[in-house]
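Enquirer: sequence and predicted model, in that order:
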Amino acid sequence: MHSPTTKEGSVVDKAGRRREPDAAFRSGVREMARSDLGRVLELRSVVRWSADPRAFDLLRGIEGARWAVAEAPDGALVGMVGAVPLGEIGILCQLAVRDGFRKSGLGRRLSSWAVTYLRSRGARTVRLYSTREAEGMYRALGFEPITPRTVYRLEEAPRDTPARRELGERRVSTLLFGDLPELYGVDRWSYGADRSALILATLKLHPGWGLVARDPSGRLDGYLVRSALGPATRLGPFVASSPAVARRLLAAALHASRGLPVEVTVPGPPAHPAHTLLKEFGFAGRADRLRMELGESSPSRPPGLVHYGTTPYLAT
């Protein structure tokens with residue numbers, strides 16, 4: 001059992017002594033070791049993350065990705081955080097603190113660890129997706145709100161759409177591993193960071209679940225990666241050069257989903273074209289987390305390529 005907390009947020013140890021939170025955790029935050037994995041899985045189940053449970057394993061496979069854990073004085077694992085470097089952008093993700101240790105300063109200390117690590121790996125911008133409850137803490141650390149995120153869901157994907165019937169004369173096809181070098185280059189250019197390891201890991205989990213669109217000259221015009229979440233299909237990354245290309249990619253993805261529920265996480269504000277497109281296909285949206293950033297403004301995306309859906313495994 002971990003040490004309880006008082007109503008004021010102080011930690012009470014086994015001997016009944018009251019200790020201030022920061023003092024209690026001064027030496028308790030450290031880099032995760034392999035021996036911690038079992039306890040990390042237990043912590044994840046206790047804090048009821050909304051993220052895909054496979055995200056932890058996929059992100060661990062990215063070069064340079066690291067996690068920190070926090071232990072209570074009695075050795076119980078009570079918190080964790082992930083730090084995933086993607087070049088000039090670093091992702092702070094999977095912050096989790098056990099209920100009895102929230103509002104103790106532990107989340108702030110774990111987040112600070114992740115920021116320090118990502119900066120040591122060359123990240124100029126640290127990005128995260130915050131819940132409403134954690135927004136104040138991140139603001140205190142210097143993070144600024146960038147844009148809200150919306151999760152769209154279609155309970156039953158249609159098997160046929162007008163856009164689907166156009167696919168015979170348009171170049172939308174299954175993403176092949178031979179397409180990846182070009183896709184990686186375009187994705188890094190448009191996203192501003194290197195997501196290649198994550199895209200490859202997702203495709204290895206779901207071979208044949210990617211789609212590419214090409215213009216008449218054969219140049220990559222858009223792409224979409226599908227992944228499974230229980231009975232539902234999630235779409236992302238989903239990138240297109242125009243609403244028409246996005247519409248054809250989405251129609252092909254819905255057809256491939258064979259009537260099952262489909263989810264898309266849109267990373268943009270209300271004026272983002274993804275909102276109009278998804279509503280056109282019957283998706284219903286709900287407000288989700290807030291994207292926040294610390295450091296330099298993230299690189300501006302080149303004109304002509306729009307992100308209609310973000311990478312689900314980084315949307316934690």
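Expert: Perfect, thanks for sending it. The shown structure was predicted, so the numbers you read here are calculated from the model rather than taken from an experiment.
Enquirer: burial check on Leu180, number of neighbours?
Expert: 17 (other C-beta atoms under 10 Å). C-betas here are computed from N, CA, C, even on glycine.
Enquirer: can you tell me the closest non-neighbouring residue to it?
Expert: Excluding the flanking residues, the one nearest Leu180 by C-beta to C-beta, 6 or more residues apart in numbering is Leu200, at 7.0 Å.
Enquirer: quick one: that neighbour is in a helix?
Expert: Yes - using DSSP: H, G, I helix; E, B strand; the rest coil, the assignment for Leu200 is a helix.
Enquirer: now do the contacts for Tyr184.
Expert: Asp194, Ser196, Ile199 (C-beta atoms under 8 Å, 6 or more residues apart in numbering).
Enquirer: of these, which is the most crowded?
Expert: Going by other C-beta under 10 Å, Ile199 tops the contacts of Tyr184 with 21 neighbours.
Enquirer: please report how far that residue lies from Gly90.
Expert: To Gly90, Ile199 is 18 Å away according to C-beta to C-beta, to the nearest Å.
Enquirer: and for Ala240?
Expert: 26 Å.
Enquirer: please apply the same query to Tyr184.
Expert: Taken as C-beta to C-beta, the span from Tyr184 to Gly90 is 19 Å.
Enquirer: same check on Leu110?
Expert: Distance, Leu110 to Gly90, by C-beta to C-beta: 15 Å.
Enquirer: in which helix or strand would I find Thr265?
Expert: Secondary structure from DSSP states H and E places Thr265 in strand 262-266.
Enquirer: how about low-confidence regions in the protein?
Expert: Scanning the chain for pLDDT under 70 picks out the ranges 1-27, 46-53, 159-170, 298-304, 315-316.
Enquirer: domain parsing of it, as residue ranges.
Expert: If you go by automatic domain parsing, the domain ranges for the chain are 11-123, 150-314.
Enquirer: can you give me the end-to-end span of the last one?
Expert: End-to-end span of domain 150-314 (C-alpha to C-alpha, to the nearest Å): 14 Å.
Enquirer: do the same with stretch 99-113
Expert: Separation of the first and last residues of stretch 99-113 by C-alpha to C-alpha is 20 Å.
Enquirer: which parts of it are buried?
Expert: Under the neighbour-count criterion of 16 or more other C-beta atoms under 10 Å, stretch 99-113 has Phe101, Arg102, Ser104, Gly105, Leu106, Gly107, Arg108, Arg109, Leu110, Ser111, Trp113 buried.
Enquirer: and what of stretch 177-184?
Expert: So for stretch 177-184, counting by 16+ other C-beta under 10 Å, buried means Asp179, Leu180, Leu183, Tyr184.
Enquirer: in what helix or strand does the last one lie?
Expert: This points to Tyr184. In the assignment (DSSP H and E), Tyr184 maps to helix 180-191.
Enquirer: what's near enough to touch the closest residue to Gly295 other than its chain neighbours?
Expert: Once flanking residues are discounted, Gly295 sits nearest to Thr125: 4.6 Å by C-beta to C-beta, 6+ apart. Listed by C-beta under 8 Å, 6+ apart, the contact set of Thr125 reads Glu88, Ile89, Gly90, Glu293, Leu294, Gly295, Glu296, Ser297, Ser298.
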